[in-house]
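Student: Make a model of this:
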Amino acid sequence: MLCFLWRSTRGYRLTPWRSPYLLWRIETYWGLHAERITAADFWRFSWQHRAELVRFLRWADRMAQG
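Tutor: Down below sits the predicted model:
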């Protein structure tokens, strides 16, 4: 589960709200334009959707293991 997070934040590990991949994921899921997402928006989204995010991370882990 942590492998996906590690890979998806490459280059942005200390500032994940700047990751183009994570911004794109939030944009497609939440509908906010990626360029308008702030650090506060990122953390708010992460907290409000934490159960869904954990479920997604578990699914991504299962897919990576084949």
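Student: mind checking which helix or strand the residue nearest to Ser8 when sequence neighbours are not counted is in?
Tutor: When the adjacent residues along the chain are set aside, Ser8 lies closest to Tyr21, with 5.3 Å between them (CB to CB, 6 or more residues apart in numbering). Heads up, the C-betas are built off the backbone N, CA and C, glycines and all. Under DSSP states H and E, the secondary-structure element containing Tyr21 is helix 20-30.
Student: now Asp61
Tutor: In this structure, Asp61 sits in helix 50-65 according to DSSP H and E.
Student: Packing partners of that helix?
Tutor: Secondary-structure packing of helix 50-65 (3 or more CB pairs under 8 Å, 6 or more residues apart in numbering; DSSP states H and E): helix 2-8.
Student: chain center to the helix it packs on, what's the gap?
Tutor: Mean-position distance between helix 2-8 and its chain equals 10 Å (CA atoms, centre = their mean, to the nearest Å).
Student: Give the buried residues for it.
Tutor: 4, 8 (16 or more other CB atoms under 10 Å).
Student: Can I get that helix in CSV? Just the C-alpha atoms.
Tutor: In CSV, the C-alpha atoms belonging to helix 2-8 read as follows (Å, rounded to 0.1, in the frame of the first residue of the first chain):
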residue,chain,number,x,y,z
LEU,A,2,2.8,2.4,0.8
CYS,A,3,4.6,1.5,-2.4
PHE,A,4,2.0,3.2,-4.5
LEU,A,5,2.1,6.3,-2.3
TRP,A,6,5.9,6.3,-2.6
ARG,A,7,5.8,6.0,-6.4
SER,A,8,3.0,8.5,-6.9
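Student: pLDDT on it, on average?
Tutor: Regarding helix 2-8, the rounded mean pLDDT is 83.
Student: Identify the residues contacting it?
Tutor: Where contact means CB atoms under 8 Å, 6 or more residues apart in numbering, the residues beyond helix 2-8 that reach it are 13, 19, 21-22, 57, 60-61, 64.
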